[in-house]
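**Student:** build the 3D model from these lines:
(2 chains)
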Amino acid sequence: MRRYIARRLLQSIPLLLLVSIVIFYVLRLVPGGPLSVFARGQTSPEALAQIRIKLGLDQPLIVQYFHWLGQTLQGNLGNSYDTGRPVLTEILARVGPTFYLIGSTFLLVLIISILVGVISAVRQYSALDIGITTFTFIGQALPVFWVGLVLILIFFSTLSNPSTGLPLLPASGMYSVGKPFSVWDWLAHLILPMVALGLGWISWYSRYLRASMLDVIHQDYIRTARAKGLKENVVIFKHALKNAAIPLVTVVALDLPTLFGGSLFAEIIFSWPGMGRLFYHAVERRDYPILMGTILITAAMMILANLIADIVCSYLDPLIRYEKSR
Amino acid sequence: MKRTITYITFALPVVVMMLLTACGPAAIPAPEATSPAAGGEATSPAAGGEATSPAAGGEATSPAVNIPTGGTIKYVNLEPATLNPYLRPEQIAWQAIALISTGLVDLNSKGEWVLELASEIPSVDTNTLSEDGMVVTWKLRPNLKWSDGTPLTSDDLVFTWEVCSNPNSGCAINAGFSKITNIETPDEITAIVHYITPYPAWMAQFRNGILPRHGTGAPEDMLNWDWNRTVNPTSGPFIVKEWVAADHITFERNPYYWEEGKPYLDQIFWLVVPDLEVQRQMLMHGEADIDAWIAGEAQVLETASAGFTIGGGPTPFWNRIQFNLMNPQNLSHPHPLLGDVRVRQAILTALNLKDVTYNWNVGDLFKANLLTSLYDLWPQFACNLPAFPYDPEGAKALLDAAGWKDLDGNGVRECHGCQYAQEGTPLRLRVATYANWGQEDNELVMVDELKNVGIDLYLQNYEATVMYSSWADGSFMYRGDFDVLWWDHDPGMPDPQFRTDTFYTSAYIPTETNPTGMNMSRINDPEIDQWAKEAGSIIDVNARKALYCKIANKINKVIVSEQANGVLDNFAFSNPKLKGWSVNELYSPFGWDAEDWYLEP
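**Tutor:** Residues are numbered from 1 along each chain as shown, chains lettered A, B, ... in the order given. Now for the predicted structure:
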């Protein structure tokens, strides 16, 4: 297994290099440029020309790319055009909040999705299943930004805490600025973005698991397990779910990079200081160093997530392990 | 069963916590109540000697005994990229920079210069301004200190000049610095600035702020100075205590601020909230004290009717309908449709410019003014030329005379004997602008009004980053690939010379070899070049006004290359308990008077 992991990691190096070349050139094919922020203000054309040179934008693309690559190989992703700060500093400032939001949401989503998916499959065509199916279709159809705004209108603008008269839940930020640390405060700030973000995921994962479970629970080995007299919970959660979860693991693994990449809409609506906003802002400003840094790390996360998915799948399914070892 | 219990074990606490939190104690504590004297350090440790009336000739409020000091406010806004006053021209950056940076002088809301760090305004009478305008002697207030307690001296002015005259520094707001040949500093409070030619905007030279020699870095590294975010030390009313990226900036009172007893507030939390409607909801529900970015008529009216105070705005952004005088396909030839001045006149006559401009009016709260030239924004240079009258019939007559007639009856005129286009060419024009600046309704008004006279105007909206980028990045604006351009920019405060040069003179026509020029209409007029050059080399206000008005007159009546008007860019609202702030419509950023803000008990 160790050799397999090492080989996969080595294979990822040329892949990342290729990604970096493609992204570097594609970003520059996009119309617009990083100097646009200066053109409406009091920046003289002469100063603008100097800034262009200062940022190295006057160099041929190939020179710019190798300059970037040389810096990156030394662990320096460059400085943001927008803030002047190192790209890594900008990214590290956002990774924590993103992990907190997406990680919590992911955890909640997985727990609920598994429960909902299993119940829905076991009670196929029951009123509960139909209710869940309806709910998940709606959940999948609603965009995060819309759900977010509706949640704010309900829980911030309309409902208030009866004891204080203040909004029931905060609409913005990760915590109350200027107040001492409080677990309640942090959790309160997490609720609305987590719900807005999780709704779609729950719908998607639970539908996926339901379909997968329906395949599995009609298999012969499940009938055998029941015939052996095993308790239904053991049959479902130990035998059926373990196999039904394999396709879900792959899907979840593909979503894992959002742990790094964040969620743009939820972060904007709820003023969450995460990676999604950093990336969006960088796109808006054509902040190439930030874009290169975030995309490259996301690509690396994607590769890593796929590797993790393979490892988890081989754990869940000995047959896969057997095939690989051959 | 074990696994079931495991799942439940994970799920339950989260669900329980969510329920408890929702019903638990106040998630958000009450907004900062006014605490008239809480922590209100009325004394400043070593506020420079001038404890009395701070601003000779200014309108800055003298510390009054009955003004409550202390307290904290929350200010919702977007996030500035930097707080270095010489790096970014963006309004958001300037709203934050206004809290931490002070220059030698500033413009008050009446357009008068008021003293900040300078102790007197240079003048010929006091021998602090040479008659030819090439030597300016600035006197700093005695005993000025940076926020870290070190002396602020004339050497810091020299450093500011060294940075912004260095082409490798990345200084974006560097007007006039390259014209300085030398700054003498005979003592710590005197800086004698020598210009290579008379510089009419000398008064504004150090208006944006002074950079400290200590605590910053080498001029050529300015883009990457840590100081750009920490802004420590600084000279403004507030200092940055903390900046959490994308979340908030905490500003605290500067104990060494030059005006004794000010600022009145202890702290300002700048909350970074990217969604404008969420910003407004926070203001409406007590989670913020100032929202400096309310856009949209309905939103502005609702906020006003809820009892919040309008304290800022409108910001006079300059909104221009601009014609391309040259052929987008071949920039050395006249524009086939717009090359004839009568067509340009017809367009401006067919447009009810009041519709376009006054759509920005918000009920009875504000009325936009139809400014007819760039210079009308400066009281001392205002030309007040007549606007084109709204006269659709006159526009039709002009088009007929110019050889544009609708002979096929399809509602769009074609060329029948016109000056530059081929026979039969329809009078179809592309108006290029950028999306999401609230002009969509106005664009449709323009389309309808021009349709009435037989002009087919169609819209092409771009992303702002595309439109404003650069020649090298393919911006159609610089490359002249448009018929009609609709765009906005700041008016170039505090002096019109910068915009006069860059917008109207032939040296600033963008070309491949001169890609950053901003004469987008491609006006090439020797007289305008000469007048602009003269205006830029004298300091007499009346003489300059005469020259500017000649330029404005020629632009409006002879060349007819644009119609400019002021835009109400945004409105700022505050908690009614926040007092001491005033509207400054002269492109002083909102927050220009933050040292005067206080919370009423």
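**Student:** when you work out contacts or count neighbours from here on, use the C-alpha atoms and nothing else.
**Tutor:** Fine.
**Student:** can you name the residues of the stretch 101-250 of chain A sitting close to chain B?
**Tutor:** Within the stretch 101-250 of chain A, the residues that sit near chain B (C-alpha under 8 Å from any C-alpha of the partner chain) are A:108, A:111-112, A:157, A:161, A:163-164, A:166-174, A:176-178, A:184-185, A:187-188, A:191, A:233-234, A:237-238.
**Student:** give me the buried subset of those residues.
**Tutor:** The neighbour count (16 or more other C-alpha atoms under 10 Å in any protein chain shown) marks A:108, A:111-112, A:157, A:161, A:166-174, A:176-177, A:184-185, A:187-188, A:191, A:234, A:237 as buried among those.
**Student:** among those, which lie within helices?
**Tutor:** Among those, the members found in helices (DSSP state H) are A:108, A:111-112, A:184-185, A:187-188, A:191.
**Student:** need the residues you listed in TSV (columns: pLDDT).
**Tutor:** Listed next are those as TSV, based on pLDDT from 0 to 100:
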residue	pLDDT
A:Leu108	93
A:Ile111	94
A:Ile112	94
A:Trp184	93
A:Asp185	94
A:Leu187	95
A:Ala188	95
A:Ile191	96
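**Student:** export those residues to CSV and tack on distance to B:Ala532?
**Tutor:** Below are these laid out as CSV (distance: C-alpha to C-alpha, whole Å):
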residue, distance to B:Ala532
A:Leu108, 66
A:Ile111, 71
A:Ile112, 70
A:Trp184, 63
A:Asp185, 60
A:Leu187, 61
A:Ala188, 60
A:Ile191, 60
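**Student:** now the helices for the stretch 51-200 of chain A?
**Tutor:** Taking DSSP state H, counting those that start in this stretch as the criterion, the stretch 51-200 of chain A carries its helices at A:61-73, A:87-122, A:127-141, A:144-152, A:183-217.
**Student:** I should have written the stretch 301-450 of chain B there, sorry.
**Tutor:** Secondary structure of the stretch 301-450 of chain B, counting by DSSP H, counting those that start in this stretch: helices at B:341-350, B:353-358, B:392-401, B:440-451.
**Student:** give me whichever of the ones you listed is most buried.
**Tutor:** Mean neighbours per residue, mean count of other C-alpha atoms under 10 Å in any protein chain shown, is largest over the helices of the stretch 301-450 of chain B for helix B:341-350, with a mean of 23.
**Student:** model confidence over it, on average?
**Tutor:** Across helix B:341-350, pLDDT averages out at 95.
**Student:** same for that helix, what does it pack against?
**Tutor:** Using 3 or more C-alpha pairs under 8 Å, 6 or more residues apart in numbering or on different chains; DSSP states H and E, the elements in contact with helix B:341-350 are helix B:392-401, helix B:440-451.
**Student:** wait, which of those is closest to A:Ala309?
**Tutor:** Nearest to A:Ala309 among the helices and strands packed on helix B:341-350 is helix B:440-451 (47.8 Å), distances taken as C-alpha to C-alpha.
**Student:** pull the distance from the closest one to the chain's centre.
**Tutor:** Relative to its parent chain, helix B:440-451 has a centroid offset of 26 Å by C-alpha atoms, centre = their mean, to the nearest Å.
**Student:** tell me what it is packed against?
**Tutor:** Against helix B:440-451 (3+ C-alpha pairs under 8 Å, 6+ apart) you get helix B:341-350, helix B:353-358, strand B:456-462.
**Student:** format these as CSV; extra columns: distance to B:Asn168.
**Tutor:** Listed next are these as CSV, based on distance: least, C-alpha to C-alpha, whole Å:
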stretch, distance to B:Asn168
helix B:341-350, 42
helix B:353-358, 41
strand B:456-462, 32
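**Student:** quick one, which of the ones you listed gets closest to B:Trp293.
**Tutor:** Across the helices and strands packed on helix B:440-451, closest to B:Trp293 is helix B:353-358 (C-alpha to C-alpha), at 19.6 Å.
**Student:** near chain A, which residues of the stretch 351-500 of chain B are found?
**Tutor:** Within reach of chain A by C-alpha under 8 Å from any C-alpha, the stretch 351-500 of chain B has these residues: B:464-470, B:473-475, B:488-490, B:492-493, B:498.
**Student:** hmm, try it at 10 Å
**Tutor:** For the stretch 351-500 of chain B, the residues in contact with chain A (C-alpha under 10 Å from any C-alpha of the partner chain) are B:462-476, B:487-494, B:498-499.
**Student:** now which of those would you call buried?
**Tutor:** By neighbour count, with 16+ other C-alpha under 10 Å, those hold B:462, B:464-476, B:487-494, B:498-499 as buried.
**Student:** please determine how far the residue nearest to B:Pro379 when sequence neighbours are not counted is located from B:Lys545.
**Tutor:** Among residues not flanking B:Pro379 along the chain, B:Gly111 sits closest, at 7.3 Å (C-alpha to C-alpha, 6 or more residues apart in numbering or on different chains). Going from B:Gly111 to B:Lys545 by C-alpha to C-alpha, to the nearest Å gives 16 Å.
**Student:** sec struct for B:Ala572, please.
**Tutor:** Following DSSP: H, G, I helix; E, B strand; the rest coil, B:Ala572 is assigned to strand.
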